[in-house]
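Participant: Give me a model of this one.
(one chain, ligands or ions: 1)
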Amino acid sequence: MSSLDYKALAAEARQIFGTAADEQELEAARVAWIGRKGRITVLLRQIPELPEDERPLAGRTLNTLKGDLSSLLDARLREFADSGAGDETGFDITHPGRTPFIGRLHPITKTLDDIIEVFREMGFDVAEGPEVESEYYNFEALNIPEHHPARGMWDTFWTKSPPGLVLRTHTSPVQIRIMENQKPPVRIIVPGRCYRADTPDATHSPVFYQVEGLYVDEGVSMAMLRGALDTFAHRLFGSDVPTRFRPSYFPFTEPSAELDIGCFQCGGNGCRLCKGSGWLEILGSGMVNPELYGFVGYDPEKVTGYAFGMGVERIAMLKYGIDDIRLLYENDLRFLEQF
Ligand code: DAH
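Facilitator: Alright, predicted model coming up:
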């Protein structure tokens, strides 16, 4: 091998390293020239086979070239890194994207959405009403007169000025507001925030959500109520969950019943969650008390209806296994990020 060959070899190698268009081409050049089986490496290994007087020059020249090429390689790599190795704007379209943090829905919102979806499919419209309510809608027109002991069922926040208004203690007043303005058939659900003067603990929050339901028309029966609530329970808690109606009392329904589902924690044998009963209460319901029709101008001889009301936090807690309602209102991201 003559010194002239080295020059041509060096020129060829520099050209290839110098013009590599991206990191892959550069890596291919590295492998082809100075990798373990690269051309320079092979030539260096063959030096002992050269005539003795040619070996020193060959060694120096090839080692110098190898050093030059690896410097050139480093320089080109830095060049690519600085420019973003992409198109001429420096924007690397192959760089993996960063996933933006887009947040998530609060478990109460998710549960509300689930509840609304089930009843929407059954033909219910969504209605809303005010959170600051008059005594008339919150109590009187719901057949809860002043001084009636049933008022004790709700620990009420009253306003000071103007006096006599309440923060609604339930979504039931919206039943009256809608019936006042709409002739039967009425088929609505009412999601909304409610307030009670309760001391916060694991199962009480002064602010909470309810979903109310109301269906009034000719021929609405308790069997229809039972069917709708069964469908609801099965959709939210699984198609094989047992349900039962348990007699109860509410001033605005007659007869009244609460819906229980079989305790999924103990399978009905009795545990701490179901307080040993094997059943979990999930909502209140009943046939609309005909007294209410007198307040809204409906003919109790012609129409019947059913109503129900549920606490959204309770449903969410049962669904997601949350054992303290306060977790839903503390906004601790470590909790919220689990949903
Ligand atoms: N308003 C009741 C409460 O807050 C819940 C309720 C029970 C609503 C029975 C209803 C019903 O519409 O029929 O405790």
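
Participant: Name the SS class of the residue nearest to the spatial centre of the chain, please.
Facilitator: Nearest to the geometric centre of the chain sits residue 105, at 3.5 Å (Cα atoms, centre = their mean). Following DSSP: H, G, I helix; E, B strand; the rest coil, the label given to residue 105 is coil.

Participant: Pull the contacting residues for it.
Facilitator: 113, 339 (Cβ atoms under 8 Å, 6 or more residues apart in numbering). (Glycine included, C-beta is placed from N, CA and C.)

Participant: mind checking how far stretch 247-256 is from the chain centre?
Facilitator: 35 Å (Cα atoms, centre = their mean, to the nearest Å).

Participant: mind listing what's buried in that stretch?
Facilitator: 250, 251, 252, 253, 256 (16 or more other Cβ atoms under 10 Å).

Participant: Mind exporting the C-alpha coordinates of stretch 200-207 to PDB?
Facilitator: The C-alpha coordinates for stretch 200-207 follow below in PDB (Å, rounded to 0.1, in the frame of the first residue of the first chain):
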ATOM      1  CA  PRO A 200     -68.900  16.900  58.800                       C
ATOM      2  CA  ASP A 201     -67.900  13.300  59.500                       C
ATOM      3  CA  ALA A 202     -67.200  10.200  57.500                       C
ATOM      4  CA  THR A 203     -70.800  10.100  56.100                       C
ATOM      5  CA  HIS A 204     -71.900  13.700  56.400                       C
ATOM      6  CA  SER A 205     -71.000  16.800  54.400                       C
ATOM      7  CA  PRO A 206     -72.800  20.200  54.700                       C
ATOM      8  CA  VAL A 207     -72.600  20.400  50.800                       C
END
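
Participant: Let me see the domain layout of the chain.
Facilitator: The chain breaks down into these domains under automatic domain parsing: 6-83, 107-336.

Participant: quick one, which of those is nearest to the ligand?
Facilitator: Comparing those by their distance to the ligand (Cβ to the nearest ligand atom), the top pick is domain 107-336, with 2.4 Å.

Participant: of all the residues in the stretch 151-300 of the chain, which ones are close to the ligand?
Facilitator: Proximity of the stretch 151-300 of the chain to the ligand, by Cβ under 6 Å from any ligand atom, involves residues 170, 172, 212, 250, 253, 284, 285, 286.

Participant: And for the second one, the neighbour number?
Facilitator: The burial metric for residue 172, expressed as a neighbour count using other Cβ atoms under 10 Å, is 30.

Participant: Next, work out how far apart it and residue 22 are.
Facilitator: Separation of residue 172 from residue 22 (Cβ to Cβ, to the nearest Å): 69 Å.

Participant: got it, and residue 231?
Facilitator: Applying Cβ to Cβ to residue 231 and residue 22 gives a distance of 60 Å.

Participant: One more: residue 138?
Facilitator: The gap separating residue 138 from residue 22 is 71 Å, by Cβ to Cβ.

Participant: Neighbour count: those two, which is higher?
Facilitator: More neighbours surround residue 138 than the other of residue 138 and residue 22, with 24 against 12 (other Cβ under 10 Å).

Participant: Any chance of the backbone angles for residue 194?
Facilitator: Main-chain torsions, residue 194, degrees, to the nearest 10: phi -130, psi 170.

Participant: Help me confirm that it comes into contact with residue 209.
Facilitator: Yes. Counting by Cβ atoms under 8 Å, residue 194 does reach residue 209; the two are 6.9 Å apart.

Participant: Low-confidence ranges, the stretch 1-150 of the chain, go.
Facilitator: Applying pLDDT under 70 to the stretch 1-150 of the chain flags residues 1-4, 84-90.

Participant: where along it do the strands fall?
Facilitator: Along the stretch 1-150 of the chain, counting by DSSP state E, counting those that start in this stretch, strands occupy 125-126, 132-134.

Participant: Packed most tightly, which of these would that be?
Facilitator: strand 132-134 (a mean of 17; mean count of other Cβ atoms under 10 Å).

Participant: okay, now residue 175: neighbour count?
Facilitator: Residue 175: 29 neighbours (other Cβ under 10 Å).

Participant: Kind regards, and thank you for your time.
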